[in-house]
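Peer 1: Take a look and give me a structure for this.
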Amino acid sequence: MPENEIGMEKCVCFAKELIREKQCILMAPDHPLAQKKNASIMDCREYTMLTGLEHSVEDRLLRKTYGEQNITWKRVIRSDSIDTVMKMVKSGSGIAIGPKSFAEYYGVTAVPLVPARQDSLYFACLKSKKKEPEIREFQRYLTTLVSSVYPD
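Peer 2: A predicted model of the protein is given here:
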């Protein structure tokens, strides 16, 4: 995967994409949307949305992506723990947006989001530190780990 520098030349960060995954609507196996082949965000408005804390990366992404479309949720529940969010998804307390790999790991159902959307996970560090042996070793470790789990 290509190495990138985040932002403009003034940015002090270096980033390398580790993985890119299609996003899905995550839900309990017995959820009304679970049997659908795919679902739009409009299909989800009637359900409780489970997400990260207000102003967290997940919350900002949700607001940016769907706030522009004036989509409002029946209810939003926030948590600072992905494990808590996924336990709530599994129990049927609401739905979340995330990659199919989360569904596989946490034992929930993933229905692909339409229109399709992909998000990436990046390794990031200060540009000034990217050549330090510990940083390079950690980057190699993460790249190898991701490659072994997601061989694509």
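Peer 1: you'd agree Asp43 is in a helix?
Peer 2: Yes. Per DSSP: H, G, I helix; E, B strand; the rest coil, Asp43 lies within a helix segment.
Peer 1: thinking it is in contact with His31, fair?
Peer 2: No. Applying C-beta atoms under 8 Å as the test, Asp43 and His31 come out as separate, 11.1 Å apart. Placement of C-beta: from N, CA and C, glycine included.
Peer 1: what's the closest non-adjacent residue to the most centrally placed residue in the chain?
Peer 2: Closest residue to the average C-alpha location of the chain: Gly98 at 4.4 Å, with C-alpha atoms, centre = their mean. Among residues not flanking Gly98 along the chain, Leu26 sits closest, at 5.1 Å (C-beta to C-beta, 6 or more residues apart in numbering).
Peer 1: For beta bridges, what are the partners of the one you found?
Peer 2: Beta bridges link Leu26 to Ala96, Ala110, judged by DSSP bridges.
Peer 1: The residue nearest to the centre of the chain in helix, strand or coil?
Peer 2: What three-state DSSP gives for Gly98 is strand.
Peer 1: Show me the shaky parts of this structure.
Peer 2: 1-10, 65, 67-68, 150-152 (pLDDT under 70).
Peer 1: what's the neighbour count on the residue lying closest to Ala116 once chain neighbours are set aside?
Peer 2: Nearest residue to Ala116, sequence neighbours excluded (C-beta to C-beta, 6+ apart): Lys22, at 6.0 Å. By other C-beta atoms under 10 Å, 14 other residues sit near Lys22.
Peer 1: in the protein, which spans are strands?
Peer 2: Under the criterion DSSP state E, the chain contains strands at 3-4, 13-27, 48-52, 75-79, 96-99, 109-112, 118-126.
Peer 1: Can you give me the buried ones in the fourth one?
Peer 2: Spelled out, that is strand 75-79. Using 16 or more other C-beta atoms under 10 Å as the test for burial, strand 75-79 gives Arg78, Ser79.
Peer 1: quick one, it and strand 48-52 angle?
Peer 2: 30 degrees (axes from the mean of the first three to the mean of the last three C-alpha atoms, to 10 degrees).
Peer 1: And strand 75-79, what does it pack against?
Peer 2: strand 48-52, helix 82-91 (3 or more C-beta pairs under 8 Å, 6 or more residues apart in numbering; DSSP states H and E).
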